[in-house]
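Visitor: based on what follows, work out the 3D shape:
(chains A and B)
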Amino acid sequence: GESVGLHLPTLSVQEGDNSIINCAYSNSASDYFIWYKQESGKGPQFIIDIRSNMDKRQGQRVTVLLNKTVKHLSLQIAATQPGDSAVYFCAEIFFPSGYSTLTFGKGTMLLVSP
Amino acid sequence: GAGVSQSPSNKVTEKGKDVELRCDPISGHTALYWYRQRLGQGLEFLIYFQGNSAPDKSGLPSDRFSAERTGESVSTLTIQRTQQEDSAVYLCASSLASGSNQPQHFGDGTRLSIL
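Guide: Residues are numbered from 1 along each chain as shown, chains lettered A, B, ... in the order given. Presented below is the predicted three-dimensional model:
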């Protein structure tokens, strides 16, 4: 049968540039957000998280910004490297009844050229 | 091992056959999740286990799909009478508990292809 094409938004950057990946989430009651990185043939890998009572959190070379007013999340990667090439997913967690309901966005492919 | 382990890594089978996928969570993780990821798509929640509580099966797409977990250890996802639309990567994740501040750790998935 015909293969399904990839319809992921793609961000292409040069090595050393800063990258910004954006995500719109859907549930205003979500109380926790995570960015995952998924390399080809691998499972998603945790990068950084942020709680809903924060608007910024920094890690090593990565920063996550949360704007609850417009339900927007972004991931900033400083000094992007070829090894950062992957698909990046944001995920929102809703915690209504004692366990986490994790909802993933469709992902953004980051391509880093040397 | 230190991470979530899934087997087999690849499975090719004929339409109509049953398949069983296995997940070994990280030791000590009480919460276990199964997801389906179609080509170029995000993750679709299937089922969730927390300790000995009844699982949340709300994401299972049809009654051909079922999953079991023994205590806080291995889980198996079974797909009966497979169809071509079942072709996808099936990912398993585990977390320390079901609390909102516990990130899920993923295995590398089983790539299932239905001929």
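
Visitor: next SSE downstream of the helix or strand bottoming out on mean pLDDT in chain B?
Guide: None of the helices or strands of chain B scores lower by mean pLDDT, DSSP states H and E than strand B:43-50, at a mean of 89. For strand B:43-50, the succeeding helix or strand toward the C-terminus, using DSSP states H and E, is strand B:65-69.

Visitor: and that following strand with chain A, contact?
Guide: No. If you take CB under 8 Å from any CB of the partner chain as the test, strand B:65-69 misses chain A, and the best it gets is 14.3 Å. In short, each C-beta sits where N, CA and C put it, glycine included.

Visitor: show me what that strand is packed against.
Guide: strand B:43-50, strand B:75-79 (3 or more CB pairs under 8 Å, 6 or more residues apart in numbering or on different chains; DSSP states H and E).

Visitor: 6 Å instead, please
Guide: strand B:75-79 (3 or more CB pairs under 6 Å, 6 or more residues apart in numbering or on different chains; DSSP states H and E).

Visitor: by contact count, what packs against the strand it packs on?
Guide: For strand B:75-79, the packing partners by 3+ CB pairs under 6 Å, 6+ apart are strand B:19-24, strand B:65-69.

Visitor: residue ranges with poor pLDDT in chain A?
Guide: For chain A, applying pLDDT under 70 flags the ranges A:1-7, A:95-101.

Visitor: give me the most central residue, chain B.
Guide: Nearest to the mean C-alpha position of chain B, by CA atoms, centre = their mean, lies B:Trp34 at 3.1 Å.

Visitor: is it true that that one lies in a strand?
Guide: Yes. Using DSSP: H, G, I helix; E, B strand; the rest coil, the secondary structure at B:Trp34 is a strand.

Visitor: show me the beta-bridge partners of B:Thr110.
Guide: B:Tyr90 (DSSP bridges).

Visitor: how about the nearest residue to A:Pro9, chain neighbours excluded?
Guide: Using CB to CB, 6 or more residues apart in numbering or on different chains and skipping residues adjacent in sequence, the residue nearest A:Pro9 is A:Thr108, 5.0 Å away.

Visitor: and that neighbour, how far from A:Asn27?
Guide: 20 Å (CB to CB, to the nearest Å).

Visitor: what's the answer for B:Glu44, then?
Guide: In terms of CB to CB, B:Glu44 sits 16 Å off from A:Asn27.

Visitor: shaky segments in chain B?
Guide: B:1, B:98-101.

Visitor: shouldn't B:Ser113 be in contact with B:Thr13?
Guide: No. With contact defined as CB atoms under 6 Å, B:Ser113 does not count as touching B:Thr13 (7.6 Å).
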